[in-house]
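[1] just coords:
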């Protein structure tokens with residue numbers, strides 16, 4: 001049985017499992033993605049879902065060193 005005092009055990013959910021993951025990305029996601037993409041010299045599509053944006057943010061953070 002999980003420790004109910006451990007609030008971090010389910011803090012991060014796979015974006016593929018998000019109930020709102022297929023909705024369009026949020027304004028803050030779009031802004032941050034464009035910042036990361038400029039630093040990584042990459043293009044970002046404007047029609048990403050929330051889940052796709054989250055996964056791309058994770059990848060670009062690693063590529064730019066911001067996710068360390």
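    It's in. Not measured: the values here are computed from a predicted model.

[2] Where does the closest residue to residue 34 other than its chain neighbours sit, in terms of helix or strand?
    With Cβ to Cβ, 6 or more residues apart in numbering as the criterion, residue 34 has its nearest non-adjacent residue at 6.0 Å, and that residue is residue 44. (Each C-beta comes from the backbone N, C-alpha and C, glycine too.) Counting by DSSP states H and E, there is no helix or strand that carries residue 44.

[3] Please name the residues that touch residue 44.
    Contact partners of residue 44, counting by Cβ atoms under 8 Å, 6 or more residues apart in numbering, are 33-34, 37, 56.

[4] repeat for residue 24
    Residue 24 touches 47-50, counting by Cβ under 8 Å, 6+ apart.

[5] so can I have JSON lines of those showing pLDDT and neighbour count?
    JSON lines is the format used below for these (pLDDT from 0 to 100; neighbours: other Cβ atoms under 10 Å):
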{"residue": "47", "pLDDT": "94", "neighbour count": "7"}
{"residue": "48", "pLDDT": "95", "neighbour count": "18"}
{"residue": "49", "pLDDT": "94", "neighbour count": "17"}
{"residue": "50", "pLDDT": "92", "neighbour count": "17"}
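
[6] Would you agree residue 32 is in contact with residue 57?
    Yes. In this structure, residue 32 is within contact of residue 57 by Cβ atoms under 8 Å, at 6.3 Å.

[7] how about the nearest residue to the residue nearest the centre of the chain, chain neighbours excluded?
    Centrality entry for the chain: nearest residue to the mean C-alpha point is residue 54, 1.8 Å, by Cα atoms, centre = their mean. With Cβ to Cβ, 6+ apart as the criterion, residue 54 has its nearest non-adjacent residue at 4.5 Å, and that residue is residue 15.
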